[in-house]
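S.K.: for reference, the sequence and a predicted model appear below.
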Amino acid sequence: MSIKIIQGDITTAAVDAIVNAANPTMLGGGGVDGAIHRAAGPELLAACREVPVINGARCPFGEARITTAGKLPAKFVIHTAGPIYSQSDEPDKVLASSYRYSMRLALENGCRSIAFPAISCGVYGYPLQEAAKIAVSVCLEDEFKHLDKTFYLFSEEVANVWLRELKRSI
Ligand code: ADP
């Protein structure tokens with residue numbers, strides 16, 4: 001099992017699946033979601049529209065959905081809606097569920113490698129240190145030992161928080 005941390009743009013990740021910090025509509029947004037849609041091209045939005053809407057959402061908070069990846073180097077995009085920190089009753093459980101659900105979908109679809117951004121750590125407002133702890137601990141679960149996991153973290157600040165957490169945990 002491996003966990004790597006890279007400071008960089010997740011749209012460049014040459015892995016089987018990249019994870020998108022999406023919102024429940026899956027129709028695009030700002031931050032990493034906007035970057036992924038821009039890099040993938042219109043095929044990605046078309047693939048998202050194919051995902052069925054249930055109770056007003058394509059992807060409920062804490063769940064994930066898989067699509068093709070358009071022009072990205074990755075084969076799949078796994079869209080997950082992490083918690084909105086200030087609006088969730090149990091943000092820690094929802095965030096852990098986003099990571100877990102994403103990795104289960106990756107394994108079910110034959111992926112060996114997956115890349116994550118810092119889910120919920122942008123406009124969704126999750127405190128970095130707490131988010132890093134959850135992200136790293138779920139990645140270390142035995143169920144996911146056959147997946148190569150890479151975190152693509154955009155800023156030095158976020159990358160440093162993750163690096164410290166990873167060093168503490170292994
Ligand atoms: P959320 O709505 O889940 O909070 P955001 O997209 O606002 O998602 O932010 C999640 C994290 O992704 C933030 O740390 C943000 O800096 C980072 N981010 C933005 N663009 C990229 C990118 N191209 N690659 C990797 N991370 C990115």
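M.R.: Received the coordinates, thanks.
S.K.: how about the helices in the chain?
M.R.: 31-40, 42-49, 91-108, 128-139, 156-169 (DSSP state H).
S.K.: can you pull up the bridge partners for the spatially most central residue of the chain?
M.R.: Most central in the chain under Cα atoms, centre = their mean is V19, positioned 3.5 Å from the mean C-alpha point. Beta bridges link V19 to I78 when assigned by DSSP bridges.
S.K.: contact partners for M103?
M.R.: I114, V138, C139, E143, F144, L147, K149 (Cβ atoms under 8 Å, 6 or more residues apart in numbering). From N, CA and C alone the C-beta is placed, and that goes for glycine too.
S.K.: so what pLDDT did the fourth one get?
M.R.: Put plainly, it is E143. On pLDDT, E143 comes in at 97.
S.K.: quick one: residues contacting it.
M.R.: M103, R104.
S.K.: now swap in the one 10 residues further on and tell me
M.R.: For L153, the contacting residues are I5, I6, Q7, G8, P117, A118, A159, W162, by Cβ under 8 Å, 6+ apart.
S.K.: now swap in M26 and tell me
M.R.: C48, V51, R58, C59, R65, H79.
S.K.: what's the distance between it and A135?
M.R.: 21 Å (Cβ to Cβ, to the nearest Å).
S.K.: G41 now?
M.R.: Distance from G41 to A135, by Cβ to Cβ: 28 Å.
S.K.: of the two, which one has the most company?
M.R.: Per other Cβ atoms under 10 Å, whichever of G41 and A135 has more neighbours is A135, with 27 against 13.
S.K.: ok, the residue nearest to the centre of the chain touching A115?
M.R.: Yes: here V19 lies in contact with A115, judged by Cβ atoms under 8 Å, at a distance of 6.7 Å.
S.K.: overlap of the contact sets of these two?
M.R.: Shared contacts of V19 and A115, counting by Cβ under 8 Å, 6+ apart, come down to I10.
S.K.: farthest residue from the center of the protein?
M.R.: Distance to centre of the chain, Cα atoms, centre = their mean, peaks at N55 (22.5 Å).
S.K.: I am finished for the moment; much appreciated.
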